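Engineer: What shape does this take:
(chains A and B)
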Amino acid sequence: MSAVWRASRGAVKRRRLQTIVIGLVVMCSTTAILCALGVLDAASAPFDKAYSQQRGAHVVATFDTTKTSDQQLALTALRPGVHAAAGPFDEAVLTFSKDFLGSPPGALTVVGRSAPSGPVDDLTLQVGRWATAPGEVVLDKTCGQAAHCPLGSTLQADGAPPLKVVGLATSVSRSADAWVAPEQMAALHPTSAQMLYRFTDSATDAQLRTSLDQATAGLPPGALKASQSYLTLKQAFSALADSYLPFMTLFGILSLLVSVLIVGNVVSGAVVSGYRHIGVLKAVGFTPNQVVAVYLAMVSVPAIAGSALGTLLGSALAQPMLGIVFHGVETGGATPAISPWLPVVSLAGMPLIVALAALIPALRAHRLPAARAITAGSAPRAGRGLRVQRWLGATRLPRSISLGLAQPFARPARALMTAAAIVLGVATVTLTTGLSSTMVAYADAGPGTPQIDIQTGSAAAGQTLPKLSDAQDEAMLHSLPGVRQFAANASLVVHIVGYTQPTTAFFFRGDPPAASYQIVKGHWLDGPGQAVVGPMFLNQHGLAVGDRITLELNGHSADMTIVGQTVDGDARGLNASWPTLADLAPDRRASAYTLQLAPGTDTREVLNAIRAADPGLYAASASPPVGPTVAVVSFSSAFTVLLTIVAALGVFNTVLLNTRERRRDLGMLKAIGMTPRQVTAMTVTSVTALGLVSGLVGIPVGILAHRMIVDHVGVVEFTESMKDVWHPPQLAALALSGAAIAVLGALIPARSAARLTSAAVLHNE
Amino acid sequence: MTTDEGSPPRVVVRLNGVRKEYGGDARALDGVSLEIRAGEAVAVMGPSGCGKSTLLNMVAGLDRPTSGTIEVRDQDLGKLNETGLALYRRHHIGMIFQFFNLIDDLSALDNVVLAAQLTGSSAKQARRRALELLDELGIADRKNMYPAALSGGERQRVAVARALMNRPALLLADEPTGALDSRSGEQVMDLLIDLNQIGQTLLIVTHDPHLATRCASRLIEFADGRIARESSLERTA
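Structural biologist: You can find the predicted model right below:
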């Protein structure tokens, strides 16, 4: 065994507590960093990852079969710039005049494919099997309520044979709503053919257009009916994930900063406190390089162990965290998971950070003459912050307190690094508190009275149809005791002129619904031809409040003006006034009702009354929306706990080092009559003041970070009242959080300082 | 000396059968009994590891005996908890050490004032007393210097001033000249003699026979944790 290794092993064994602290800090930091990087990485490209895994089509092209043949289309796959292609597949649009798959009347695009796999658009069969014979259909799981459609149920389109659902699949390219065997297509009267392309150059819209032009260059004019770029899909797919990016990035950066600061502080402190040991090593003949090697090896042992444990813990925590964050984000069949390179990076990177943090003080030790190093800690050293110490000594404060307050000035660099870690810890706590308050305000927005949501029964879902007419149901609901407000709505899948993606329109009548309490801009619907939408709808359609749109359905059209923007809302959904429904679907009745009850009303009694009056109405007490709130609060709380632990460990280490360095002083103070309680008070005070000051600095940092995040969430545009969450009692509590972190970290070493045996310390010195 | 006229000086320290064992068979003190009267200057000598520093720590309340009793001014130290011991040291004991144990971040004056501040004395009073002591010890002009800028002798004088700050009943000195050159050592010895002459009770632990014979009126020789010999001394000039 080499002398270096023997000395390092001895140092690790002798400094068990320090070794454990380094190991714990590295473990918590690695966990935090791995979770942060994992979420950042997954959020940065969930769509690209899913698309690459399933060989998604860069362009889904629809051709007019009356103008081109299958042979001509097959030849397009061989054109320059085409990397891979699938098709041609026959394509038909089935229309439904009644509810289907739990959705309102509308259309379904069906494609004939013999197998789910292929060189492009590799479908993921989620449930059941592929359609191999006429009369069978596989539904896209994300289409309408298909996910809840039992296998074996029948799909009946207008003028088409019945189709039995035999499977559910997902297509990351969104190439169709349903698939049947090619032999089935003839009976569905296809009018188009579908080609799926992957191009060599596909980064931009321009490249895709050029590639598609090249591929279809030899076809008759007008053969290409429509094309769907994956970039449009990408925007829609990634919108929700992207909306989490601002605070994921911020938490990731905070984690990295706190971790690097604490690791640097802990490790450099370990080396600085070992100067005397360094002197002894040099005195017995270790070369300066061997001394550096001893110290790097000494900190590397707990660093490697800590990063290995942290990687395991981080990998275990990151997966459920990704599940929460990406809940509701459409990623096709792909599951967001941490990339394999991340554990490798954290396993190698954290020990490297530790080694770098140790290297700087170790190099100082390298240059330190043995005689000076060996006297470190016993010979008097020139004091620092002397003026402050003198001033504090002259104040009326108890001496134990003034001595404690002066300690940070004796080690300014260490105090600053500790303070920086507490600042970031407090900023994180402030940010989380603000985000939670904003999200709770967002979830609570509404009339604040008990609410009942009612759905009308649907034949497709096997439910009882309403017994009463729409008007009779409205009258019945109005007459129920305790009903304060009533709103009704009907939904239709429509097309907006100029946009290819279908949109679900909700037509409202009656009192303003809960959504009306979440208006950020403009106003709620108060007349015909009006629409209110969410921020994502506006972003993805390039629209603004005041713009006009035209809705189309089965040859009917309606012009509308966007008069308001809600806090949130579906990118493919809009709210419209009831009279517009008459222009598009005159016979439609309300498919849902919402009742606001007077406070104190027995909700159960109202529910029973509704069921008794019309068994075709399915009523339930409304539960508040929790999705994004849960994601944000869970994610930020997890990081706050981790960062608070890391910051407290940093304080623990600082106090431990200070206590070790001041053992002689502590022994002397006890010898001249300082009580254990006074020693504890002095030690805790030494970081509590630092914690309080750091708390005062951390709060504005946290408030600023909160503002940056809530202003850039994208998927939600919060009202000012939701953003204005800071109140004096809350701020006062937050100001104490820095002190709380400091006390939490200082208490154990402070108590150990109080128990220090002065006899041994003073005699040994 | 604080004695009543005609009666022998009162007993300040009384040890009765004090034993101290450190794990296993290591016995630092083995049934030590002794008395120290007010105004005495007692030197304890013996080879390294004989238990003399342990004795000093026991009397200072920095360590507790395994068995036996220690009474200082009729107070049984065994009955005091840690806080009680701290208060006992604060009010009754002054200690000086071989390596001075001054706080590097405090000036000479602040180091001395510190002891009084712990008792709750007013800053003004404490400062006045500290300045008097520094003046008496001949280092008043060094009051604003920090330990790193003082010589060994000066540092030990500051330590002595700090030890005397609360007018202790007993001054304990652990190798007070051990880290000093001979000239500084002599100065410290003179100081101890002067203190004893004005009635300060001293218990000095030392390896140095010259220190013992110059400063002490009684010599206790230790060997293997026991008192091997006790003798009265005539102070040498």
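
Engineer: Return the residues of the stretch 201-350 of chain A in contact with chain B.
Structural biologist: Residues of the stretch 201-350 of chain A lying close to chain B by C-beta under 8 Å from any C-beta of the partner chain: none are found. Every C-beta, even on glycine, is put in place using the N, C-alpha and C of the backbone.

Engineer: Setting the sequence-adjacent residues aside, check what's closest to residue 138.
Structural biologist: Here I'm looking at chain A. A:G167 (4.1 Å; C-beta to C-beta, 6 or more residues apart in numbering or on different chains).

Engineer: Correction: the question concerned chain B.
Structural biologist: B:R157 (7.1 Å).

Engineer: near chain B, which residues of the stretch 501-650 of chain A show up?
Structural biologist: Checking the stretch 501-650 of chain A against chain B by C-beta under 8 Å from any C-beta, there are no hits.

Engineer: And for A:Q455, the neighbour number?
Structural biologist: 16 (other C-beta atoms under 10 Å in any protein chain shown).

Engineer: what kind of secondary structure is it in?
Structural biologist: Assigned with DSSP: H, G, I helix; E, B strand; the rest coil, A:Q455 falls in the strand class.

Engineer: tell me which element the spatially closest residue to it that is not a sequence neighbour falls in.
Structural biologist: Counting by C-beta to C-beta, 6+ apart, the nearest residue to A:Q455 once its immediate chain neighbours are dropped is A:Y618, at 4.7 Å. For A:Y618, the host element (DSSP states H and E) is strand A:617-621.

Engineer: next one: phi and psi at A:P320?
Structural biologist: phi -60, psi -30 (degrees, to the nearest 10).

Engineer: The strand holding A:Y618: partners in the sheet, and parallel or antiparallel?
Structural biologist: strand A:451-456 (antiparallel) (DSSP bridges).

Engineer: hang on, the earlier thing: what does whichever strand or helix holds the residue nearest to B:G138 rub up against?
Structural biologist: B:R157 is part of helix B:152-164, with elements assigned from DSSP H and E. Applying C-beta atoms under 8 Å, 6 or more residues apart in numbering or on different chains, the external contacts of helix B:152-164 come out as A:380, A:672, B:94-97, B:100-102, B:108, B:111-112, B:114-115, B:130, B:133-134, B:137-139, B:142, B:145, B:147, B:150, B:171, B:176-177, B:179-181, B:183-185, B:187-188, B:191, B:195, B:200.

Engineer: ok, of these, which come out buried?
Structural biologist: Among the contacts of helix B:152-164, the ones that count as buried by 16 or more other C-beta atoms under 10 Å in any protein chain shown are A:380, A:672, B:94-97, B:100-102, B:108, B:111-112, B:114-115, B:130, B:133-134, B:137, B:139, B:142, B:145, B:147, B:150, B:171, B:176-177, B:179-180, B:184-185, B:187-188, B:191, B:195, B:200.

Engineer: Among these, which lie within strands?
Structural biologist: B:G94, B:M95, B:I96, B:L171 (DSSP state E).

Engineer: Can you report phi and psi for B:A228?
Structural biologist: Dihedral angles for B:A228 - degrees, to the nearest 10 - are phi -90, psi -40.

Engineer: and the gap between it and B:I220?
Structural biologist: B:A228 sits 9 Å away from B:I220, going by C-beta to C-beta, to the nearest Å.

Engineer: out of the two, which sits in the busier spot?
Structural biologist: Neighbour count, other C-beta under 10 Å: between B:A228 and B:I220, B:I220 has more, with 23 against 12.

Engineer: Within its sheet, name the partner strands of the helix or strand that contains the more buried one and how each one runs.
Structural biologist: For B:I220, the element it lies in under DSSP H and E is strand B:218-223. Sheet pairing of strand B:218-223 (DSSP bridges) gives strand B:41-45 (parallel), strand B:226-232 (antiparallel).

Engineer: what pLDDT, on average, does it get?
Structural biologist: For strand B:218-223, the mean pLDDT works out to 94.

Engineer: Give me the distance from it to the chain's centre.
Structural biologist: Chain-centre distance of strand B:218-223: 16 Å, with C-alpha atoms, centre = their mean, to the nearest Å.

Engineer: Relative to chain A, which residue of chain B is the closest?
Structural biologist: Closest residue of chain B to chain A, C-beta to the nearest C-beta: B:R90 (2.5 Å).

Engineer: Now do the residue nearest to A:Q455, the pLDDT please.
Structural biologist: Per the predicted model, pLDDT is 84 at A:Y618.

Engineer: and if you look at A:Y197?
Structural biologist: With respect to pLDDT, A:Y197 scores 89.

Engineer: Would it be right to say that it lies in a helix?
Structural biologist: No: A:Y197 sits outside any helix when classified using three-state DSSP, being strand.

Engineer: Spit out the contact partners of it.
Structural biologist: A:57-59, A:61, A:76-77, A:82, A:84-85, A:120, A:211-212, A:215.

Engineer: any residue of the biggest helix by length in chain B up close to chain A?
Structural biologist: What stands out as the longest helix in chain B, according to DSSP state H, is helix B:182-197. No: counting by C-beta under 8 Å from any C-beta, chain A is not contacted by helix B:182-197; separation bottoms out at 15.4 Å.

Engineer: buried sites along stretch A:183-201?
Structural biologist: A:Q184, A:M185, A:L188, A:P190, A:S192, A:A193, A:Q194, A:M195, A:L196, A:Y197, A:R198, A:F199.

Engineer: Tell me where chain B has helices.
Structural biologist: Counting by DSSP H, the helices of chain B are B:52-60, B:82-92, B:108-119, B:123-136, B:152-164, B:182-197, B:209-215.

Engineer: angle of the fourth one against helix B:182-197?
Structural biologist: What that stands for is helix B:123-136. In terms of direction (axes from the mean of the first three to the mean of the last three C-alpha atoms, to 10 degrees), helix B:123-136 departs from helix B:182-197 by 120 degrees.

Engineer: How far does helix B:123-136 sit from its chain's centre?
Structural biologist: 20 Å.

Engineer: Likewise for stretch B:103-119?
Structural biologist: 18 Å.

Engineer: ok so, going back, who touches the strand holding B:I220?
Structural biologist: B:34, B:40-47, B:50-52, B:55, B:212-213, B:227-233.

Engineer: Recalculate using a threshold of 10 Å.
Structural biologist: Outside of strand B:218-223, the residues within contact range by C-beta atoms under 10 Å, 6 or more residues apart in numbering or on different chains are B:29, B:32, B:34, B:36-37, B:40-47, B:49-55, B:203-205, B:209, B:212-213, B:227-233.

Engineer: From the residues you listed, list the buried ones, please.
Structural biologist: B:29, B:32, B:34, B:36-37, B:40-46, B:50-55, B:203-205, B:212, B:227, B:233.

Engineer: what's the spacing between the spatially most central residue of chain B and A:D559?
Structural biologist: By C-alpha atoms, centre = their mean, chain B has its centre lying nearest to B:L172, at 1.0 Å. Distance, B:L172 to A:D559, by C-beta to C-beta: 100 Å.
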